[in-house]
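Chemist: Task: produce atomic coordinates for the following.
(one chain, ligands or ions: 1)
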Amino acid sequence: MLQGKHIVLGITGSIAAYKAAYLLRLLVKKGAEVQVVMTPAAKEFITPVTLSPLSGKPVVSEFFAANDGQWHSHVDLGLWADAMLIAPATAASIGKMAHGVADNMLITTYLSMKAPVFVSPAMDLDMYKHPSTQANLKLLQSYGNHIIEPGFGELASGLEGKGRMEEPEAIVEYLEQYFAQVAEMSGKRVLITAGPTYEKIDPVRFIGNYSSGKMAYALAGECARRGAEVCLISGPVQLETPAGNIQRIDIESADEMYEACMKEFPTCDVGILCAAVADFKPICVADQKIKRGAEDLCIQLTPNQDIAAALGRIKTADQKLIGFALETHNEMSNAQNKLQKKNLDAIVLNSLQDKGAGFRHDTNKVSIISATETLDYPLKHKQEVARDIVDYLLNNLHLN
Ligand code: PMT
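Modeler: Numbering: from 1, shown residues only. I've put the predicted structure just below:
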């Protein structure tokens, strides 16, 4: 999986930098072409003279070469790489990456990187546990970076705990798995609905809900990362479209989402219906702003089309349809009813009873329910939840 891959190996100033030489050797043995980029502090722990023969390339550390003033282009490295791996990553470098402090070649390369980034932290247990480090790691995750969790064990300080850089063999395996997954959905087209819908009351007001689109956008990013072509039909959200082959269609109302889904679904292999679609819309939309008066105001509502049920009716034997159920009570039975009534292959249940789950959070806690099984997952970052859902689609629903 690593044969011919271009990998930028970033090394920062940690005692674990000695493991980087072995890591580099393993990557090269797997057929990867590796460019080492070191921070000035990393050179205190391991010298470029050790690393450049192993990679077969001069190590890059400064913005300009000392002998002839030649500029080292972090932009070119960002375009060249298929992946950037920062191992070991110190608390200081993680903080700089999280906040864009571009004061060395490694951080500028990171900021220019077009390819996926893998971060393998290494530090003492208290530094790792510190809320600042944890918050910075969360920020990196929210940028789509992959964190390779450090291990437990004896640390350079003599203390024992979590903070040891993951072993080189395990890091290489992580990268191999990543590149294997990238090919899993190639040739597949996936429709994903996202965000809230707005149902107009008058030119300045609407009925809406709290959906931020985070869960759906994480799913879109994950499907694209695994090689799928994604059609993202999105209600109004404040999110950037994730990287990859994603066609985004912006809509506002449930009617517009319905039209777009009915048009796109026949050419898709999968539909993942994550949008919080308004179940009702006002019967009449005032063409001027409704003025305040002394009387109560009644707005009569009529049901919107059920998009999931409509897609469930036209679904072919080769297509898979995954819905979501957002519940506040009787969660399991409500979700099972929706699974059946909408003719879904699986439904992802999230409950507002669970702290950190549902609307707006970066995290979610879900159960994936099909006709034959229910799998419960712990609270996780929405990107990890997206990974679990896509794994389920590939492994349990047997997408052809
Ligand atoms: O966007 P975030 O802030 O990240 O929050 C994520 C989320 C909570 C919105 C998401 O995880 C979620 O649960 N989405 C579905 C919300 C919802 O509307 O659930 P529901 O139980 O009301 O609907 C059941 C299913 O039918 C859903 O797949 C929904 O998209 C679909 N539906 C509902 C109504 C309708 N008129 N048409 C539909 O297609």
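Chemist: what are the ranges of the helices in the stretch 251-400 of the chain?
Modeler: For the stretch 251-400 of the chain, applying DSSP state H, counting those that start in this stretch gives helices covering 254-264, 307-314, 331-341, 382-395.
Chemist: Now for the residue in the stretch 1-150 of the chain that the ligand sits nearest to: which residues touch it?
Modeler: When distances are taken as C-beta to the nearest ligand atom, the stretch 1-150 of the chain reaches nearest to the ligand at residue 142, 12.6 Å away. Where you see a C-beta, it was placed from the backbone N, CA and C, and this is true even at glycine. Listed by C-beta atoms under 8 Å, 6 or more residues apart in numbering, the contact set of residue 142 reads residue 362.
Chemist: 6 Å instead, please
Modeler: Going by C-beta atoms under 6 Å, 6 or more residues apart in numbering, residue 142 touches no other residue.
Chemist: how much space between it and residue 361?
Modeler: Counting by C-beta to C-beta, to the nearest Å, the separation of residue 142 from residue 361 is 12 Å.
Chemist: ok, back up a step: now the residue of the stretch 1-150 of the chain closest to the ligand: how far from residue 244?
Modeler: Distance from residue 142 to residue 244, by C-beta to C-beta: 17 Å.
Chemist: Quick check: the gap between the nearest residue to residue 228 once chain neighbours are set aside and the ligand.
Modeler: Nearest residue to residue 228, sequence neighbours excluded (C-beta to C-beta, 6 or more residues apart in numbering): residue 185, at 3.7 Å. The spacing between residue 185 and the ligand, counted by C-beta to the nearest ligand atom, to the nearest Å, is 20 Å.
Chemist: cool, residue 283 as well?
Modeler: Taking C-beta to the nearest ligand atom, one finds residue 283 at 16 Å from the ligand.
Chemist: got it, and residue 235?
Modeler: 9 Å.
Chemist: hang on, isn't that residue packed against residue 195?
Modeler: Yes: Residue 235 lies in contact with residue 195 (C-beta atoms under 6 Å); the separation is 3.4 Å.
Chemist: what do these two both touch?
Modeler: With C-beta under 6 Å, 6+ apart, residue 235 and residue 195 have common neighbours residue 275.
Chemist: In terms of packing, which of those two has more residues around it?
Modeler: residue 195 (30 against 26; other C-beta atoms under 10 Å).
Chemist: Need the pLDDT of that one.
Modeler: In this model, residue 195 is scored at 98, pLDDT.
Chemist: just to revisit the earlier point, tabulate the helices of the stretch 251-400 of the chain (a markdown table), appending distance to the ligand.
Modeler: Shown next, in a markdown table, are the helices of the stretch 251-400 of the chain (distance: least, C-beta to the nearest ligand atom, whole Å):
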| stretch | distance to the ligand |
| --- | --- |
| helix 254-264 | 6 |
| helix 307-314 | 3 |
| helix 331-341 | 5 |
| helix 382-395 | 6 |
